[in-house]
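Chemist: got a predicted model here, sequence first, then my questions.
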Protein chains: 2
Amino acid sequence: MGEFDLIRRYFATQPATDSVPLGIGDDCALLQLPAGRQLAVSIDTLVEGTHFLPGTDPARLAERLLGAAVSDLAAMGAQPLWFTLALTLPEATESWLEPFARRLAQRAAELNIVLVGGDTTRGPLALSAQVHGTVAPGLALTRQGARAGDLICVTGTLGDSAAGLQTLFDQLPAGEHVDVLRQRYYCPQPRLAAGQQLAGCASACLDISDGLLGDLSHILAAATQPLGAEIVVDDLPLSMALLAQYGPVQGHKWALSGGEDFELCFTLPVQQRAVLARLPVTATVVGRIIERPGLYLQYSDGQLISTSAQGFDHFPG
Amino acid sequence: MGEFDLIRRYFATQPATDSVPLGIGDDCALLQLPAGRQLAVSIDTLVEGTHFLPGTDPARLAERLLGAAVSDLAAMGAQPLWFTLALTLPEATESWLEPFARRLAQRAAELNIVLVGGDTTRGPLALSAQVHGTVAPGLALTRQGARAGDLICVTGTLGDSAAGLQTLFDQLPAGEHVDVLRQRYYCPQPRLAAGQQLAGCASACLDISDGLLGDLSHILAAATQPLGAEIVVDDLPLSMALLAQYGPVQGHKWALSGGEDFELCFTLPVQQRAVLARLPVTATVVGRIIERPGLYLQYSDGQLISTSAQGFDHFPG
């Protein structure tokens, strides 16, 4: 079977639906947006050697690619609808394509998103996914809108993905905690339901891809007036697995600056605090938006340390 | 200036418009589709070493990427609206980004399409563009719908792009014909206005990326009944530049199997023939859809040769 027959076999045309009048296989896919909704789109790329180690299990790449891309929809409070896939492969082999396509289809079904088109080319291994979702006009969660006094909140636990990657670099044997951390690295869980519930409540929101400090600085930069953020370090939510494997000091470092947790970071007016208890995922208040520009870390011993998104090499402990 | 500051500088956020309530810079772009229109999307990738020679002028890559991608919208009869860009670069240097971004912006303005988002990553040079356009529901031109007796038509001239690439391989000095052929290779001209006029007239349509025979075989494969195609070789439209530089025999070979001309190939019921004269670009009848399955080449000496999309090494002359 030829290379492109293989690809056709694994990314087969689906029957037309109301939402996808014409899917894979023509010059364009034709898509029908629900009436009265805005389109939200985002494109994400994973490159071998930059975003993942050579030889990574293709099933893991499928779940990571789709999870990371759909997380951008979650961060806008959008509902997923469709995605396209641009796949660059050194060679199209069945042993790579079969597990990749199988896991991609599974994960797409779990995330309620449908593959509608793509492009396959030969070259160094790289994968781009563009995701498409919908939001009610005016209700999308953007990075802009934080105000002094707002609570800084995050979903789930932070730092696990960086820890999971470290277990791979360290070639640690599988084990209870190691497995949890690696799963967090490989398989992002887009916080779709939380994002949709936060639309109209949160003042600003994004997903954590650069690390909490880096992403918070995006929220500060997008604000209409100069603002700062104060983080209470002991309030950072760390998983049992992270604490058990690497301890609290390293855990806090990764929680602040380890990337790719794909949890939501959002700012919440204090009077909206009650929404936290209604979210389908644990959300934790980790600090406050303040008037004084900059990023500040509050320690339990009373220290308040000025830091930055790029370099907090002067991190204590 | 840091790498990502450079990128921000060259792909700057634009003010919100009715069509793009939120553009570059957030987790997603927010897009407003005109009422009553369907969305048409297509993603295309160019990889260094596969689709272009190492060291290719970045301005040339910009026009080639966007032209090829928008051509997919032309092939559906769609109107361009928005595009996203996934850029993978070994390093982000001003000397690469400045000419790339400048030409991309120019070409986007010419093609009436707006950059709304993207992703920039480090890795082997590769570029993906996803284009988004709109069509009236039910009026999109698809590959499906050709019937026996339909005329096979193409816009413009064929084979020039393959010839242009050959002039690069041959390292020919610049010159009148060489320049024309290279321009055809580098800067595809999506036949947008022609595609839009053909919507509702042509029975099937696509853009020529694999070569006329290869793309015609896609139209045959998509038809609801078994069909064939007969091409009158002497009717293939060849440019003056191609004839002067490489002569008719090589010219015909490239017209049939050279890829990436990005002209439209469409099938037209005979009673719709009058539309050809009204198109804003020259269109030529090059053959007929026939009941007998297969691809056939009709020569002026009366020979009728059965051929295939893949291997027509038995091409005479």
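Modeler: Now that the structure is in, tell me what you want to look at.
Chemist: so for A:Thr93, what pLDDT did the model give?
Modeler: Reading off the per-residue confidence, A:Thr93 sits at a pLDDT of 89.
Chemist: contact partners for the spatially most central residue of chain A?
Modeler: Ranked by distance to the mean C-alpha position of chain A (Cα atoms, centre = their mean), the top residue is A:Phe262 at 3.0 Å. Taking Cβ atoms under 8 Å, 6 or more residues apart in numbering or on different chains as the definition of contact, the neighbours of A:Phe262 are A:67-68, A:71, A:161, A:188-191, A:207-209. Every residue, glycine included, has its C-beta placed from N, CA and C.
Chemist: restrict those to those near chain B?
Modeler: Near chain B, taking Cβ under 8 Å from any Cβ of the partner chain as the test, the members of the contacts of A:Phe262 found are A:Asp207.
Chemist: can you tell me which of the contacts of A:Phe262 are in helices?
Modeler: By the criterion of DSSP state H, membership of the contacts of A:Phe262 in helices covers A:67-68, A:71, A:161.
Chemist: for those residues, name the two members farthest from one another.
Modeler: In terms of Cβ to Cβ, the ones in helices among the contacts of A:Phe262 reach their longest pairwise distance at A:Ser71 and A:Ser161, which sit 11.4 Å apart.
Chemist: between these two, what contacts are shared?
Modeler: With Cβ under 8 Å, 6+ apart, A:Ser71 and A:Ser161 have common neighbours A:188, A:262.
Chemist: get me the contact residues on the stretch 51-200 of chain A for chain B.
Modeler: On the criterion Cβ under 8 Å from any Cβ, chain B has as its neighbours in the stretch 51-200 of chain A the residues A:51, A:72-73, A:75-76, A:78, A:82, A:84-86, A:88, A:116-119, A:121-124, A:126, A:128, A:130, A:132-133, A:135, A:137, A:140, A:142-144.
Chemist: go again using 6 Å as the cut-off
Modeler: Counting by Cβ under 6 Å from any Cβ of the partner chain, the residues of the stretch 51-200 of chain A close to chain B are A:72, A:75-76, A:84, A:86, A:88, A:119, A:121-124, A:126, A:128, A:130, A:140, A:142-143.
Chemist: next, count neighbours for A:Gln303.
Modeler: Number of residues near A:Gln303 (other Cβ atoms under 10 Å in any protein chain shown) recorded here: 10.
Chemist: mind checking how far it is from chain B?
Modeler: As for A:Gln303, its distance to chain B is 30 Å (criterion: Cβ to the nearest Cβ, to the nearest Å).
Chemist: try A:Gln189
Modeler: 16 Å.
Chemist: which ones are touching the residue in the stretch 51-200 of chain A positioned nearest to chain B?
Modeler: Using Cβ to the nearest Cβ, the closest approach of the stretch 51-200 of chain A to chain B is made by A:Gly123 at 3.4 Å. The contact partners of A:Gly123, by Cβ atoms under 6 Å, 6 or more residues apart in numbering or on different chains, come to A:88, B:47, B:50.
Chemist: what is the burial count for the nearest residue to it once chain neighbours are set aside?
Modeler: Spatial nearest neighbour of A:Gly123, chain neighbours left out: B:Val47 (3.4 Å); criterion: Cβ to Cβ, 6 or more residues apart in numbering or on different chains. Look at B:Val47: counted by other Cβ under 10 Å, it has 19 neighbours.
Chemist: for B:Val47, what is the enclosing helix or strand?
Modeler: Counting by DSSP states H and E, the element that carries B:Val47 is strand B:38-47.
Chemist: let me know the angle separating that strand from strand A:38-47.
Modeler: 20 degrees (axes from the mean of the first three to the mean of the last three Cα atoms, to 10 degrees).
Chemist: still on that earlier bit, mind checking pLDDT for the residue nearest to A:Gly123?
Modeler: Reported pLDDT at B:Val47 in the predicted model: 96.
Chemist: isn't it up against A:Thr121?
Modeler: Yes: distance between B:Val47 and A:Thr121: 5.3 Å, which falls inside the contact criterion (Cβ atoms under 6 Å).
Chemist: low pLDDT regions in chain A?
Modeler: Across chain A, the stretches falling below the confidence threshold (pLDDT under 70) are A:1-4, A:310-317.
Chemist: hey, where'd the helices end up in it?
Modeler: Secondary structure of chain A by DSSP H: the helices cover A:3-10, A:58-76, A:94-110, A:160-169, A:176-186, A:192-198, A:212-222, A:240-257, A:275-278.
Chemist: which elements pack onto the third one?
Modeler: Contacting helix A:94-110 under the criterion 3 or more Cβ pairs under 6 Å, 6 or more residues apart in numbering or on different chains; DSSP states H and E are the following elements: helix A:3-10, helix A:58-76.
Chemist: tell me how far that helix lies from the chain's centre.
Modeler: 20 Å (Cα atoms, centre = their mean, to the nearest Å).
Chemist: what angle sits between it and helix A:58-76?
Modeler: Between helix A:94-110 and helix A:58-76, the angle formed by their directions is 30 degrees, by the same axes, to 10 degrees.
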